[in-house]
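Q: any chance you could fold what I've pasted below:
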Amino acid sequence: MLQTELLPYEIDQPDFSRLRELPFEEIRQSYTFHDCVLYALGTGYGMDPVDRGQLDFVYERNPKVACTMPSVLSHPGEWPRDIGINYVKMVHLIERIDLYNPLPVEATVAARTHGIDFIDRGHRKGALLVSGRDIVNVSTGVVLARVQQTALCRSDGGRGGTSTTLPVPHEIPNRAPDAECSLATSPQAALLFRQSADRNALHADPDVAAQAGFARPILHGLSTMGVAGHALVRTLCGYDPTRVRTIECRFSSPVMPGDTIRVEFWLDGDIASFRAHVGTKVVLDHCWARIDPA
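A: Model prediction:
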């Protein structure tokens, strides 16, 4: 299991005008290839037992680390609760990962979350909370990745903020896709993924899911992003995750464990735009990645 050290911090009153100065503490986490395998299984690697490209992410002979794994490293947990955000009505909207150096198959990493923006859209429209963290290899001091999250706080608009500039969605090209890839998820995918991060009962407990209006527990958005990242490295990178330099996804609709996710790609130089569907429903949209040449 991932070993995480979460150091406590205290905030007296919410003050969104000082979001960038909130006193977050460093989170250190040690992981091994076992944890990389657990993450990979939760994002669909290994579903085809004779696909040797997938096998490298779940078998120690030629070990590789999924390009989206930084999303769960030194995860800050439910810190928005501590600044007065209504966490029940908070929705993960955007996740971006910038990869600066190859991810080791085992390491101790550290990160300090920092507030970037609280964008007030008004009382009826809610607000956007933007936060980020740099994942640092403790033994070398090298920054491995930067993770940035944007959440929609549906009931926290009209409280003031640090900015009024809304993020501009990445534009998907208006033409037929250049490539596509369909990957199945397992019925146990959410149960597997929550062992890596986000133990929210919505992803495990049918009663909690029913209270939220779902027929059964849903898949984590970050797991859906991980499946899209898997499709990306399979289709465009020859299963070389080190070629991915940036990946950003916008979450559109929930996915159920066991669904098949179809990802469409548009290529323009080193930029790959992509969108993911389950059936006719768009589940990831306005997504893009920057890929190094082979």
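Q: what residues does stretch 249-260 touch?
A: With contact meaning Cβ atoms under 8 Å, 6 or more residues apart in numbering, stretch 249-260 is reached by 91-96, 169-170, 182-191, 214, 216-219, 221, 223-225, 228, 261, 278, 281-287. In this view, the C-beta of every residue, glycine as well, is placed from N, C-alpha and C.
Q: hmm, which of those residues are the buried ones?
A: Buried members of those, counted by 16 or more other Cβ atoms under 10 Å: 92-96, 170, 183, 185, 189-190, 217-219, 221, 223-225, 228, 261, 278, 283-287.
Q: identify the residues contacting the nearest residue to residue 27 once chain neighbours are set aside.
A: Nearest residue to residue 27 in three dimensions, chain neighbours excluded: residue 74, at 4.3 Å (Cβ to Cβ, 6 or more residues apart in numbering). Neighbouring residues of residue 74 by Cβ under 8 Å, 6+ apart: 4, 27, 28, 29, 109, 110, 111, 133, 135.
Q: try it again at 6 Å.
A: Counting by Cβ atoms under 6 Å, 6 or more residues apart in numbering, residue 74 makes contact with 27, 29, 109, 111.
Q: how far does the longest helix along the chain sit from its chain's centre?
A: When every helix of the chain is counted residue by residue (DSSP state H), the longest turns out to be helix 221-236. Taking Cα atoms, centre = their mean, to the nearest Å, one finds the center of helix 221-236 at 10 Å from the center of the full chain.
Q: now whichever helix or strand comes after that helix: buried residues?
A: Per DSSP states H and E, the first helix or strand lying C-terminal to helix 221-236 is strand 244-251. Within strand 244-251, the residues scored as buried using 16+ other Cβ under 10 Å are 244, 246, 247, 248, 249, 250, 251.
Q: mind listing what the closest residue to residue 230 other than its chain neighbours touches?
A: Distances taken as Cβ to Cβ, 6+ apart place residue 44 nearest to residue 230, at 5.3 Å, with adjacent residues excluded. By Cβ under 6 Å, 6+ apart, residue 44 lies in contact with 183, 185, 227, 230.
Q: just residue 97 next, same as before
A: Residues counted as contacts of residue 97 (Cβ under 6 Å, 6+ apart) are 70, 145, 147, 247.
Q: quick one: contacts of whichever strand or helix holds the third one?
A: According to DSSP H and E, residue 147 maps onto strand 143-153. The contact list for strand 143-153 (Cβ under 6 Å, 6+ apart) reads 70, 85, 90-101, 103, 126-137.
Q: now swap in stretch 105-115 and tell me
A: With Cβ under 6 Å, 6+ apart as the criterion, stretch 105-115 contacts 19-20, 22, 24, 26-30, 32-33, 36, 63, 65, 73-74, 76, 131-138.
Q: export it as PDB, just CAs?
A: What follows is stretch 105-115, C-alpha atoms only, in PDB (Å, rounded to 0.1, in the frame of the first residue of the first chain):
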ATOM      1  CA  VAL A 105       9.500   2.700 -10.500                       C
ATOM      2  CA  GLU A 106      10.100   3.400  -6.800                       C
ATOM      3  CA  ALA A 107      10.900   6.500  -4.900                       C
ATOM      4  CA  THR A 108      10.000   8.800  -2.000                       C
ATOM      5  CA  VAL A 109       8.400  11.900  -3.300                       C
ATOM      6  CA  ALA A 110       7.200  15.100  -1.700                       C
ATOM      7  CA  ALA A 111       4.800  17.900  -2.700                       C
ATOM      8  CA  ARG A 112       3.300  21.000  -1.200                       C
ATOM      9  CA  THR A 113      -0.100  21.900  -2.500                       C
ATOM     10  CA  HIS A 114      -0.600  25.600  -3.300                       C
ATOM     11  CA  GLY A 115      -3.700  27.600  -4.100                       C
END
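Q: the residue nearest to residue 230 in helix, strand or coil?
A: Residue 44 carries the three-state label coil when classified by DSSP: H, G, I helix; E, B strand; the rest coil.
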